[in-house]
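[1] my questions are about this predicted structure, shown below with the sequence.
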Amino acid sequence: MPLDNNFQHAEYSRAEPKDRLIYRELPSDPAPDSPAWSDAMALSGRQLARNGVRLVMLLHGSLLGSDLFGMQRLDEVGGLKRGYSRGISGLDALLALMRESTNGLAGPPGWPRPPYRNDAATKQMLDETLGDAGNVTEHALQLFRKALNRDLPKPIACERYLWSCEHHHLGRAQAACRLLDDLHRWTEDLRLGPGDRILVQAHGQAGLLLALASNLLAPEKLSGYLRFFSILNDAAGQNPSGSVGQKLLGTLDRRLREKTILNGAALDVVTFGTPVRYGWDPAGIGKLLHIVNQRMLRIDGKTWLAKTELPQITMELPIAWGGDYVQQLAVAGTDATPVSTEAQAANKALWELLEPWDGFERWLECARRSVRCHNDGLCLLADYKDSTGSTQARDHYYGHAAYTRLNAMLFNTSEIAAALYP
């Protein structure tokens, strides 16, 4: 996307990313916390530190209870009820695999609904239920922190951050503002400044928060910026007890205009399985890398695209045969729906700013573009080898759980260090 992107939506381009594209396979790395594993992690730690990385944030959500594929919006605008699927074999079966009530990913009885709190109790609940499937556990955080900093005289701060998991425009916009406010606090606490770097590793839709943040951090404050804050201010005025109030928005706006939000530190971003939706503004951030779980199934040579033929995809999806189907299908047109009437109105206003596509047929059009790589940054397509033939969604979460598994930590860290900090 261009400099001064002004909140334009990403393009669903099928063109080959060429020199922006990297292919990898998950190797047989040594066991986590073994001597060889610790040596390799420490090597990457030294590499990050030499390049000025002072803070690594592991940003994630919950794979349960949050309408992961965003089917609520598709059903709301019609879908099968209006006959849009006539003549498209297998589409009804695909939608059944995506719906929260039938995709096998519903939370246990009593499971809370978003917004989730970024607190110890919620994180413990996720750790006990999800383990390391699409979830950064406390154990993984401690292991990561210890190994990365083993040889460093000045340790890199490593933090785990749980976002609210409200999979709609309003929820993501508010979460992006909260994230920037918290990043400012960490910047102050660590006394970061010019020459220092913050590395955020974002799983799934959490990456969309950083796409919004890149537009907010862009040097020029254009019409989209003004509209964005106006909508959020109005929403905060109607719900003063919400997570993002007018006071926070006012302070954030001032810091963004004064360019003091990160005290001159650079913000580098790595996304894992983030759907292609919001456009990125390259002027607002530093380095950018997208990692996607992808298996090369196409026979036309276009290995940078996903395979989406219907009805074949309905047979492949239950065993995650083609990689990350959440990244592939939770594209423009999908979303959850806010609860209150006021929030729905604010969400609609943001939709008009952020996403030109709406409706069932438009979602199908976007999904069939099969796009894996975002328009900006490097794109690493990696076979995480998580398809074991199991049809139990909890074993793979449709290819979306592989990135946070402990056996992938060394691979992820090494590839990030090599791609962004050579």
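    That came through, no problem.

[2] drop to CA atoms for contacts and neighbour counts, all remaining ones
    Will do.

[3] keeping just the C-alphas, turn stretch 43-50 into PDB.
    Taking Å, rounded to 0.1, in the frame of the first residue of the first chain, the C-alpha atoms of stretch 43-50 are listed here in PDB:
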ATOM      1  CA  LEU A  43      22.100 -16.900  18.900                       C
ATOM      2  CA  SER A  44      18.900 -15.200  17.700                       C
ATOM      3  CA  GLY A  45      18.700 -13.200  20.900                       C
ATOM      4  CA  ARG A  46      22.200 -11.800  20.200                       C
ATOM      5  CA  GLN A  47      21.100 -11.000  16.700                       C
ATOM      6  CA  LEU A  48      18.000  -9.100  17.800                       C
ATOM      7  CA  ALA A  49      20.000  -7.200  20.500                       C
ATOM      8  CA  ARG A  50      22.700  -6.100  18.000                       C
END
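
[4] let me see the mean pLDDT of it.
    In this model, stretch 43-50 has an average pLDDT of 98.

[5] give me the distance from it to the chain's centre.
    24 Å (C-alpha atoms, centre = their mean, to the nearest Å).

[6] what of stretch 364-380?
    14 Å.

[7] contact partners for the nearest residue to E159 once chain neighbours are set aside?
    Nearest non-adjacent residue to E159, counting by C-alpha to C-alpha, 6 or more residues apart in numbering: M57, 4.8 Å away. By C-alpha atoms under 8 Å, 6 or more residues apart in numbering, the residues touching M57 are 158-161, 198-201.

[8] which of these fall within strands?
    158-161, 198-201 (DSSP state E).

[9] just the buried residues from these, in ChimeraX please.
    Here is the ChimeraX command that selects only those of the ones in strands among the contacts of M57 that count as buried (16 or more other C-alpha atoms under 10 Å):
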select :158,159,160,161,198,199,200,201
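
[10] which one of the ones in strands among the contacts of M57 is nearest Y116?
    Y161 (11.2 Å; C-alpha to C-alpha).

[11] list the residues that contact that closest one.
    By C-alpha under 8 Å, 6+ apart, the contact set of Y161 is 57-60, 118.

[12] just to revisit the earlier point, turn the contacts of M57 into CSV, columns for distance to L94 and pLDDT.
    CSV is the format used below for these (distance: C-alpha to C-alpha, whole Å; pLDDT from 0 to 100):
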residue, distance to L94, pLDDT
C158, 39, 98
E159, 37, 98
R160, 34, 98
Y161, 32, 98
I198, 39, 98
L199, 36, 98
V200, 33, 98
Q201, 30, 98
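
[13] closest one of those to L217?
    For the contacts of M57, the nearest to L217 is I198 (13.9 Å; C-alpha to C-alpha).

[14] quick check: beta-bridge partners of that closest one?
    Legend: beta-bridge partners of I198 under DSSP bridges are L55, L267.

[15] quick check: it touching L55?
    Yes - assessed by C-alpha atoms under 8 Å, I198 is found in contact with L55 at 4.9 Å.

[16] picking that back up, for the residue nearest to E159, what are phi and psi?
    Taking degrees, to the nearest 10, you get phi -110, psi 130 for the backbone angles of M57.

[17] the one 4 residues further on now?
    Backbone dihedrals for G61, given as degrees, to the nearest 10, come out at phi -130, psi -150.

[18] residues in contact with it?
    Residues counted as contacts of G61 (C-alpha under 8 Å, 6+ apart) are 134-135, 162-165, 203-206.

[19] swap in E258?
    Taking C-alpha under 8 Å, 6+ apart as the test, E258 contacts no residue whatsoever.

[20] would you mind measuring from it to F228?
    Using C-alpha to C-alpha, to the nearest Å, E258 is found at 18 Å from F228.

[21] how about the helices of the stretch 151-300 of the chain, start to end?
    169-190, 206-217, 223-238, 246-258 (DSSP state H, counting those that start in this stretch).

[22] any low-confidence regions in the protein?
    78-87 (pLDDT under 70).

[23] one more pass at 80, please.
    1-3, 77-90, 240-243, 310-311 (pLDDT under 80).

[24] most tightly packed of the helices of the stretch 151-300 of the chain?
    A comparison of the helices of the stretch 151-300 of the chain by mean neighbour count, using mean count of other C-alpha atoms under 10 Å, puts helix 206-217 on top with a mean of 26.

[25] packing partners of it?
    Judged by 3 or more C-alpha pairs under 8 Å, 6 or more residues apart in numbering; DSSP states H and E, the packing partners of helix 206-217 are helix 169-190, strand 266-272.
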